[in-house]
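>>> Output the structure for:
(chains A and B)
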Protein chains: 2
Amino acid sequence: MKFSIKRSAFIQGINMVSRAISSKTTIPILTGLKLSASNEGLILTGSNADVSIETVIDRNDADNELIIEEEGSIVLPARFFSGIVKKLPSDKMTLSVANGFQTEITSGTSSFTINGLDAADYPHLPEIENDNEISLSGDVFKEIINQTVIAVSNQESRPILTGVHFVLKDGTLFAVATDSHRLSQRKVALPDNQGEYDVIIPGSSLSELSKMISDDTENVKMKITENQVLFTIGNTYFYSRLLEGTYPDTSRLIPKESETNVQFDAYELLGAIERASLLSHESRNNVVKLTIKANVKQVTISGNSPDVGNVEEEVESKEVAGNDLEISFNPDYMKDALRAFGHSMINVSFTSSLRPFTLVPSEDAENFIELITPVRTF
Amino acid sequence: MKFSIKRSAFIQGINMVSRAISSKTTIPILTGLKLSASNEGLILTGSNADVSIETVIDRNDADNELIIEEEGSIVLPARFFSGIVKKLPSDKMTLSVANGFQTEITSGTSSFTINGLDAADYPHLPEIENDNEISLSGDVFKEIINQTVIAVSNQESRPILTGVHFVLKDGTLFAVATDSHRLSQRKVALPDNQGEYDVIIPGSSLSELSKMISDDTENVKMKITENQVLFTIGNTYFYSRLLEGTYPDTSRLIPKESETNVQFDAYELLGAIERASLLSHESRNNVVKLTIKANVKQVTISGNSPDVGNVEEEVESKEVAGNDLEISFNPDYMKDALRAFGHSMINVSFTSSLRPFTLVPSEDAENFIELITPVRTF
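Just a heads-up that it's a prediction; the model follows:
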């Protein structure tokens, strides 16, 4: 195996697949980065038990300045190899595998020789043969991920809740996540995709995937088999295992009626919650209180810590309707929920101080809902 | 005590004195930030056992929008208070101390009440009555600090070596530091300062001070008493304790003659050392080897790790004179030393593979010298 390449193009590829590589793995060869030089170009692969990423540096794209003199494969220690490539002195570099798995990397007057591993020992990526591909625009899919992963559980006690439940049915994609304290659900119409799916994708995989979707990403393609999902973004392939089991029925958790309704600017409410949480974080029970006086249309956020002090703030609310209410909740859940709305107007609906309340965008209220369970206080 | 102030001006002051405040102190009141509103303006103070910083927000500077309604002092929990001020909703804020030490902070519709401490319990800053003030231009003083603190010891076994030795004599300021493996010495002519000083300032204090010297800092004034030094930068006062004891005589450590001399571009040599250290860091004994073949004017840097591989690189050198040489050293010492030269040309002079070698700038060689002790290898 021997090739020369423009270093910046190579670094971009290395960074892409390194997302999947962990130095804390029980399978030693997975600490490595696999390189394969073939007719097509240079294929880079990184993997851990859950996620595998493959990217192809096209030999026909002149920008890559890729010249393959000899085809072949090698696995190189990822962290170390990536450190070398980033530090090389010249814009161009050459890599060649000589006797055994010894790999020589040259650039300018610098020459590294490092010990590689046999690429034949590297695990094969799953084969996903399924013609039924869902195609989503990059920004919409990134939004779906970011709006749902916030509610994913990080506790392994109920593994199924560490994933996001995706259901494609009747041309609509539902994505929902809950850690049993809060829930986040997004709906998108996909009229061109007529298949049916029901899968649970690990939240951690989706978070990694989301970082790979840039403003330049036109679309993300998604293919599913029994226990794997493959996302394709341009020349990059992202594989994740699926979670096995049945996701709980979340539809009955969302209240159908409400007693108190308030409209907020999500960003302004976020600021007030952040300030109140400065106090609540100093306290043993991390709660913030929201007080609604419907008749005088007044909404107050307050937080307190016996040791440190207290804070009270009146929040501007466009509309206040229904019953008076005092309700306490974990401000960190509220912050995550509000950040998903950006600067838009939201409707918050309460039933009682002990029942979950919901947040929906004032416009397009049908397609996104967040639910938070309050904290009982005395 | 009651005042209102432009929040951004207050934040700037809080950030300045917070450098001296640690949450890990054995003296509880020092986790606090002291505020004093007086005729002059608002004085902020932060301190740990070693360093104290005081800054004055001038009430006559209209930019600060400072209105003092009632004079007085209070000590507030620093990290927490600073978090609040940074998060407040409006550009302006008001702070007032009500009954006891309860402090109310208001901004927009937000109102915090936090528990303060009696400012009378806050330690007094040292009084430094000494008319003999040294004045240095900000950029020169910052350079002196950055060029010498790199060689300061971080081992408490010989406390005196954790400081930089400053000697002012015959209109020249000498600054020298050594951790006994390397040494860094800087000389500056100060014709206007005719006093005599011989003090050892903790390296950690100087590192903090250096961060406070910005491009806008015209000059830094320095006053010394028996066990304290006071630096003045504009409206900010930086106090540090001095180290007690006698600093070792370092002048005899610097070799007077040399057998091999090479001229390098410091930045190019740094790149080669960084690459070689990628390998040496993987090895148990972290050394990089420099090989000089004077007759063919060839200089090679190499590093190797039995487990991972090796690297060799030829470094361009403008001049090579004297004997052939092979010498090994800790690349981290070399990196620190080379970074202090930036992009300039340097002369490196060797005596033998077991004797310390020196680095000086090719221009102005008299005023800055770094010395590194090699590592014996087999």
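>>> what's the longest helix in chain A?
helix A:266-280 (DSSP state H).
>>> That one close to chain B?
Yes. Helix A:266-280 is in contact with chain B by Cβ under 8 Å from any Cβ of the partner chain, via A:271-272, A:274-275, A:278-279. To be clear about C-beta, it is placed using only N, CA and C from the backbone, and glycine gets the same treatment.
>>> can you tell me how far the residue in the stretch 251-378 of chain A positioned nearest to chain B sits from B:Thr94?
Residue nearest to chain B within the stretch 251-378 of chain A (Cβ to the nearest Cβ): A:Gly309, separated by 3.4 Å. Using Cβ to Cβ, to the nearest Å, one gets 16 Å for the distance from A:Gly309 to B:Thr94.
>>> Those two: who's more crowded?
More crowded of A:Gly309 and B:Thr94, by other Cβ atoms under 10 Å in any protein chain shown: A:Gly309, with 25 against 16.
>>> Just to check, A:Gln147 is in contact with A:Val188?
No. A:Gln147 is not in contact with A:Val188 according to Cβ atoms under 8 Å; the separation is 10.5 Å.
>>> Find the residues that touch each one of the two.
By Cβ atoms under 8 Å, 6 or more residues apart in numbering or on different chains, A:Gln147 and A:Val188 have these common neighbours: A:Ala175.
>>> between the two, which one's more packed in?
Comparing A:Gln147 with A:Val188 by other Cβ under 10 Å, the one with more neighbours is A:Gln147, at 23 against 18.
>>> who's in contact with A:Thr109?
Listed by Cβ under 8 Å, 6+ apart, the contact partners of A:Thr109 are A:89, B:313-316.
>>> Apologies, that question was intended for A:Tyr247.
Residues counted as contacts of A:Tyr247 (Cβ under 8 Å, 6+ apart) are A:160, A:163, A:165, A:176, A:200.
>>> The same query, at a cut-off of 10 Å, please.
A:160-161, A:163-167, A:176-178, A:198-200 (Cβ atoms under 10 Å, 6 or more residues apart in numbering or on different chains).
>>> what about the longest helix of chain A, distance to the chain center?
24 Å (Cα atoms, centre = their mean, to the nearest Å).
>>> what is the rounded mean pLDDT of it?
Averaged over helix A:266-280, pLDDT sits at 95.
>>> returning to what we had before: tell me the one of the residues of helix A:266-280 next to chain B nearest A:Asn295?
Lowest distance from A:Asn295 to those (Cβ to Cβ) belongs to A:Ala272, with 21.3 Å.
>>> pretty sure that closest one contacts B:Ser107?
No. At 11.8 Å, A:Ala272 and B:Ser107 do not qualify as touching, with contact defined as Cβ atoms under 10 Å.
>>> Of the two, which one has the most company?
When neighbours are counted by other Cβ under 10 Å, A:Ala272 and B:Ser107 differ, and A:Ala272 comes out ahead with 30 against 22.
>>> Contacts only, for the more buried one.
A:264, A:288, A:290, A:299-303, A:311, A:313-316, A:331, A:334, A:338, B:87, B:89, B:108-110 are the contacts of A:Ala272 under Cβ under 10 Å, 6+ apart.
>>> Of those, which belong to strands?
Those of the contacts of A:Ala272 mapping onto strands are A:264, A:288, A:290, A:299-303, A:311, A:313-315, B:110, per DSSP state E.
>>> Pass me the low-pLDDT residue ranges in chain A, would you?
Applying pLDDT under 70 to chain A flags residues A:193, A:378.
>>> mind listing the helices for it?
So, for chain A - with DSSP H - the helices run A:7-18, A:78-87, A:138-149, A:203-212, A:266-280, A:331-339.
>>> What residues sit buried inside stretch A:146-154?
A:146-153 (16 or more other Cβ atoms under 10 Å in any protein chain shown).
>>> Any chance of those residues in TSV with distance to chain B as columns?
TSV is the format used below for the buried residues of stretch A:146-154 (distance: Cβ to the nearest Cβ, whole Å):
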residue	distance to chain B
A:Asn146	23
A:Gln147	25
A:Thr148	28
A:Val149	25
A:Ile150	21
A:Ala151	25
A:Val152	27
A:Ser153	28
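>>> and the residues you listed as TSV, adding distance to A:Asp364?
As requested, these are exported to TSV (distance: Cβ to Cβ, whole Å):
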residue	distance to A:Asp364
A:Asn146	16
A:Gln147	12
A:Thr148	16
A:Val149	20
A:Ile150	19
A:Ala151	19
A:Val152	23
A:Ser153	27
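>>> on that earlier part again, quick one: which of the contacts of A:Tyr247 is nearest chain B?
A:Ala177 (28.4 Å).
>>> sorry, back to before: could the contacts of A:Tyr247 go into CSV alongside distance to chain B and neighbour count?
CSV is the format used below for these (distance: Cβ to the nearest Cβ, whole Å; neighbours: other Cβ atoms under 10 Å in any protein chain shown):
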residue, distance to chain B, neighbour count
A:Ile160, 37, 14
A:Leu161, 32, 24
A:Gly163, 34, 26
A:Val164, 31, 27
A:His165, 35, 22
A:Phe166, 36, 25
A:Val167, 39, 17
A:Val176, 32, 22
A:Ala177, 28, 29
A:Thr178, 29, 22
A:Asp198, 43, 13
A:Val199, 40, 20
A:Ile200, 37, 22
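>>> Among those, pick out the one closest to B:Asp61, please.
Lowest distance from B:Asp61 to the contacts of A:Tyr247 (Cβ to Cβ) belongs to A:Ala177, with 52.0 Å.
>>> Just list the residues touching the closest one, thanks.
For A:Ala177, the contact set (Cβ under 10 Å, 6+ apart) comprises A:145, A:147-153, A:161-166, A:183-186, A:200-201, A:203, A:206, A:247, A:250.
>>> hmm, 8 Å instead?
Per Cβ under 8 Å, 6+ apart, neighbours of A:Ala177: A:148-152, A:161, A:163-165, A:183-185, A:203.
>>> for A:Phe264, same thing?
Counted by Cβ under 8 Å, 6+ apart, A:Phe264 has contacts A:299, A:315-318, A:345-346, A:348.
>>> now do A:Ala266
Contacts of A:Ala266 by Cβ under 8 Å, 6+ apart are A:338, A:341-346.
>>> That one - nearest residue in space that isn't next to it in sequence?
Of all residues not flanking A:Ala266 in the chain, A:Phe341 sits nearest, at 3.8 Å (Cβ to Cβ, 6 or more residues apart in numbering or on different chains).
>>> Which residue comes closest to A:Glu65 once chain neighbours are left out?
A:Lys6 (3.9 Å).
>>> so who does the one you found touch?
Counted by Cβ under 8 Å, 6+ apart, A:Lys6 has contacts A:63-66, A:91-92.
>>> swap in A:Leu270?
Applying Cβ under 8 Å, 6+ apart, we find A:Leu270 in contact with A:335, A:338-339.
>>> What subset of these is buried?
Neighbour-count burial (16+ other Cβ under 10 Å) applied to the contacts of A:Leu270 gives A:335, A:338.
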